[in-house]
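Student: Need the 3D shape of this:
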Amino acid sequence: MTIDILAFSLTLWLSDAWGELVRYLANLNTWQWGIVSACAVVFGFLCLKGTGINR
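Tutor: Predicted coordinates for the structure are as follows:
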């Protein structure tokens, strides 16, 4: 088990995940970018709205 933990590299995993995200985003067309941007705007407004707990 110790060998498995030592063999795992968080830096390598993050680097691979970042590379995959960049390759994915490079292949989006205009319609898909519109969907991504609309979701980002909606998410931002939901974050600004917050929860009713603080009121």
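
Student: Where do the helices of the protein begin and end?
Tutor: Taking DSSP state H, the helices of the chain run over residues 2-7, 10-26, 30-49.

Student: Worst mean pLDDT among those?
Tutor: Among these, helix 2-7 carries the lowest mean pLDDT, at a mean of 58.

Student: just to revisit the earlier point, switch the helices of the chain over to JSON lines; also include mean neighbour count.
Tutor: C-beta here means a position set from N, CA and C on the backbone, and glycine is covered the same way. Shown next, in JSON lines, are the helices of the chain (neighbours: other Cβ atoms under 10 Å):
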{"stretch": "helix 2-7", "mean neighbour count": "7"}
{"stretch": "helix 10-26", "mean neighbour count": "9"}
{"stretch": "helix 30-49", "mean neighbour count": "10"}
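
Student: what about residue 13, distance to residue 26?
Tutor: 21 Å (Cβ to Cβ, to the nearest Å).

Student: same check, this time on residue 50
Tutor: From residue 50 over to residue 26 the distance is 34 Å, taken as Cβ to Cβ.

Student: And residue 33, by the same measure?
Tutor: In terms of Cβ to Cβ, residue 33 sits 11 Å off from residue 26.

Student: same thing with residue 44?
Tutor: Here the criterion is Cβ to Cβ. By it, residue 44 lies 24 Å from residue 26.

Student: before we move on, what about residue 48?
Tutor: Counting by Cβ to Cβ, the gap from residue 48 to residue 26 is 30 Å.

Student: How about residue 12?
Tutor: Residue 12 is 21 Å from residue 26, where distance means Cβ to Cβ.
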